[in-house]
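J.: Sharing a model prediction with you, sequence too.
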Amino acid sequence: MKIRNPILSGFHPDPSICKVKDTYYLANSTFEWFPGVELSYSKDLCTWRPLPSPLQRKTQLDMTGCEPSCGIWAPCLSYDGKLFYLIYTNVRTWNRGPWKDTPNFLVTAEKIEGPWSEPVYLNSSGFDPSLFHDTDGKKYLVNMEWDYRWKKERNFSGILLQEYDPVKKRPVGAIKKIFTGTDIGFVEGPHIFKRNGYYYLLTAEGCTFYNHAASIARSKNIEGPYEIHPSNPLISSRGDDTLAIQKAGHASLCDYKDGLWALVFLCGRPLPGTTRCVLGRETSLALVKWQDDWPYVVHNDGSAANTPEPYVITDNDESEIPHNSSRHYDFKDDGFYDDFKYLRTVDNRDFFKLKSGGGLEIRGGESPCSTFHKALLARRQTDFSFTAVTRLHFEPESFQHMAGLTYYYDENLHYYFAVTKDEKKGRCLVITSMDSGVFSKTPVLPIPEKDVYLKLEVEYARGTFSYSPDNKEWVPVLKDFDTSILSDDYFKDSFTGAFIGMMCTDTAAMAKCADFLFFDYNV
């Protein structure tokens with residue numbers, strides 16, 4: 001089978017893989033998007049299907065007011081034969097000077113579908129926590145340590161280890177620094193696993209951009225000292241801008257078959273001719289073979305290498321399962337939540353209501369720049385080129401009433417193609433945008449008092465917003481605008497990806513409603 005990378009397209013960073021019997025499970029970071037932590041499963045490492053998110057209750061996760069790119073970082077999913085364990089960071093401060101507030105939590109469930117427990121607080125010494133279940137029954141917590149006193153790679157001061165007591169539900173015993181990284185620097189994202197009497201420490205290094213890498217070290221003692229792989233890093237794209245898969249790093253390993261292991265890793269795919277990854281950080285796959293008790297990434301030609309490939313061939317079979325990411329959402333049931341997410345808190349789900357017979361009512365929320373109660377519902381951009389269309393019924397009574405399509409990265413970077421009301425021109429269309437926190441808008445365009453179709457067409461780094469009264473004849477409103485700004489690489493260091501969706505805004509009373517009759521995403 002030919003498995004094309006990435007295996008999870010669009011915003012799917014920081015993968016953690018767990019194999020139980022014949023099923024593979026993946027957990028991915030969700031940052032400020034809600035519900036928290038994306039779970040998927042597969043039988044063949046190729047076709048992945050969504051599972052219910054584990055952090056759905058307000059008592060489990062409330063990110064109200066959190067800044068962009070805070071929230072859920074780097075979950076680790078594991079299974080000890082009785083329970084699934086999910087460990088994660090809920091970042092509350094990350095870019096205010098040298099400080100990071102990084103409380104780490106643990107939830108458990110007997111079944112992957114849940115219900116998941118209330119969170120257990122673990123520590124706040126750093127982010128990217130992971131839980132290792134040793135063969136003697138002991139459990140160990142590892143995480144990177146954040147040292148605010150230094151700069152750059154010295155902030156990432158090492159990997160901490162502490163035993164975890166599942167009865168007392170807390171870390172116990174001494175905290176030990178077991179690894180300070182390699183000469184790549186910026187050590188984070190630790191995972192421990194065991195094979196043939198060795199403890200292997202898999203870490204992310206180089207920072208999560210174009211110098212990213214996954215490093216591997218081993219020891220006979222879980223507390224170290226750890227010996228670094230003779231051909232480290234295990235996988236990386238650093239230094240080779242010809243590779244289709246860039247930013248390779250932050251990885252996780254599990255047994256595959258026939259002596260091979262599966263490595264899932266974070267990656268990015270820049271727009272051609274740029275360094276901007278509008279699809280965010282994605283999840284790719286490589287196979288790993290073992291030699292002298294060291295893991296090596298194996299290429300499709302059988303050679304050992306430490307670079308990613310555009311696809312992986314399994315079972316000497318080059319047939320490929322066709323994949324089509326086009327979707328039609330009629331909102332006749334809540335199945336659309338498999339793809340769509342909202343922001344920060346379960347309270348914001350109250351803005352969305354299914355209409356009898358189909359369609360979605362969205363009650364107006366706070367402004368597009370609010371980090372509190374915003375009525376935005378969006379899905380990942382998973383393709384470089386796509387078209388999104390919706391039919392909107394909306395009767396605004398004020399300039400403070402807006403509803404329409406949003407092409408969205410975060411509060412600092414987005415486009416909003418909306419129906420609104422102007423005192424002089426009546427019902428009209430307007431496009432507002434935030435570019436690095438700088439606001440702009442187009443002149444208003446009057447439209448008739450009836451349903452309107454709104455469309456976004458994206459072709460790599462160019463986008464066009466259009467409207468139509470009948471879904472046949474289209475009128476461009478903003479042509480060839482720059483889509484590349486909706487990326488991790490454009491404004492500061494951010495960590496999510498582009499989303500496309502629907503939003504309704506009522507900054508006067510948070511009461512005005514808009515009806516979205518359908519939403520199409522076509523490639």
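T.: Yep, that arrived.

J.: Just the pLDDT for residue 154.
T.: pLDDT for residue 154: 89.

J.: Residue 148 is in contact with that one, correct?
T.: No - using C-beta atoms under 8 Å, residue 154 is not in contact with residue 148, being 10.4 Å away. For every residue, glycine as well, the C-beta is placed using N, CA and C.

J.: Would you map the helices across the protein?
T.: Using DSSP state H, the chain contains no helices.

J.: Give me the longest strand you can find in it.
T.: strand 246-257 (DSSP state E).

J.: Could you pull out the buried residues of it?
T.: By 16 or more other C-beta atoms under 10 Å, the buried positions in strand 246-257 come out as 246-254, 256.

J.: what's it packed up against?
T.: strand 16-20, strand 188-195, strand 198-205, strand 213-219, strand 235-236, strand 260-268, strand 282-291 (3 or more C-beta pairs under 8 Å, 6 or more residues apart in numbering; DSSP states H and E).

J.: With mean neighbour count, distance to residue 102 and mean pLDDT added, can I get these in CSV?
T.: Formatted as CSV, the helices and strands packed on strand 246-257 follow (neighbours: other C-beta atoms under 10 Å; distance: least, C-beta to C-beta, whole Å; pLDDT from 0 to 100):
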stretch, mean neighbour count, distance to residue 102, mean pLDDT
strand 16-20, 21, 17, 98
strand 188-195, 22, 11, 98
strand 198-205, 25, 15, 99
strand 213-219, 24, 21, 99
strand 235-236, 27, 25, 99
strand 260-268, 26, 19, 98
strand 282-291, 22, 22, 98
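
J.: Please convert those strands to a markdown table, extending it with distance to residue 393.
T.: A markdown table is the format used below for the helices and strands packed on strand 246-257 (distance: least, C-beta to C-beta, whole Å):
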| stretch | distance to residue 393 |
| --- | --- |
| strand 16-20 | 42 |
| strand 188-195 | 46 |
| strand 198-205 | 47 |
| strand 213-219 | 49 |
| strand 235-236 | 50 |
| strand 260-268 | 38 |
| strand 282-291 | 35 |
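
J.: Could you check how far the closest residue to residue 189 other than its chain neighbours is from residue 493?
T.: Leaving aside its chain neighbours, residue 189 sits nearest to residue 204 (3.3 Å; criterion: C-beta to C-beta, 6 or more residues apart in numbering). From residue 204 across to residue 493, the span is 15 Å (C-beta to C-beta, to the nearest Å).

J.: cool, residue 149 as well?
T.: From residue 149 to residue 493 the distance is 20 Å (C-beta to C-beta).

J.: How about residue 275?
T.: Distance of residue 275 to residue 493, computed by C-beta to C-beta: 13 Å.

J.: partners of the residue nearest to residue 32 when sequence neighbours are not counted in the sheet?
T.: The spatially closest residue to residue 32, leaving aside those adjacent along the chain, is residue 71, at 4.2 Å (C-beta to C-beta, 6+ apart). Assessed by DSSP bridges, residue 71 has beta-bridge partners residue 91.

J.: quick one: residue 71 and residue 344 touch, right?
T.: Yes - using C-beta under 8 Å, residue 71 is in contact with residue 344, at 7.3 Å.

J.: now the angle from the longest strand of the chain to strand 213-219?
T.: 40 degrees (axes from the mean of the first three to the mean of the last three C-alpha atoms, to 10 degrees).

J.: Strand 246-257 - which strands sit beside it in the sheet, and in what orientation?
T.: Sheet pairing for strand 246-257, using DSSP bridges, gives strand 260-268 (antiparallel).

J.: Could you give the separation of the partner strand from the chain centroid?
T.: With C-alpha atoms, centre = their mean, to the nearest Å as the basis, strand 260-268 stands 15 Å off its chain's centre.

J.: Can you check what angle separates it from strand 188-195?
T.: Going by the same axes, to 10 degrees, strand 260-268 is angled at 170 degrees with respect to strand 188-195.

J.: ok and strand 260-268 relative to strand 16-20, angle-wise?
T.: 150 degrees.

J.: lowest confidence element among the helices and strands of the chain?
T.: The helix or strand with the lowest mean pLDDT-type score in the chain, counting by mean pLDDT, DSSP states H and E, is strand 93-96 (a mean of 86).

J.: Comparing residue 275 and residue 493, which residue is more hemmed in?
T.: residue 275 (17 against 12; other C-beta atoms under 10 Å).

J.: Just to check, that one is in contact with residue 269?
T.: No - Residue 275 is beyond contact range of residue 269, at 11.1 Å (criterion: C-beta under 8 Å).

J.: what do residue 71 and residue 344 both touch?
T.: By C-beta atoms under 8 Å, 6 or more residues apart in numbering, residue 71 and residue 344 have these common neighbours: 32, 63.

J.: What distance do you get for the most far-flung residue of the chain relative to its centre to residue 399?
T.: What lies farthest from the middle of the chain is residue 424; by C-alpha atoms, centre = their mean that is 42.9 Å. Look at residue 424 and residue 399: by C-beta to C-beta, they are 11 Å apart.

J.: Likewise for residue 63?
T.: Per C-beta to C-beta, residue 63 is found 30 Å from residue 399.

J.: Which one's more surrounded, these two?
T.: Each of residue 63 and residue 399 has its neighbours counted (other C-beta under 10 Å); residue 63 has more, 23 against 15.

J.: pLDDT below threshold where in this structure?
T.: Along the chain, no part satisfies pLDDT under 70.
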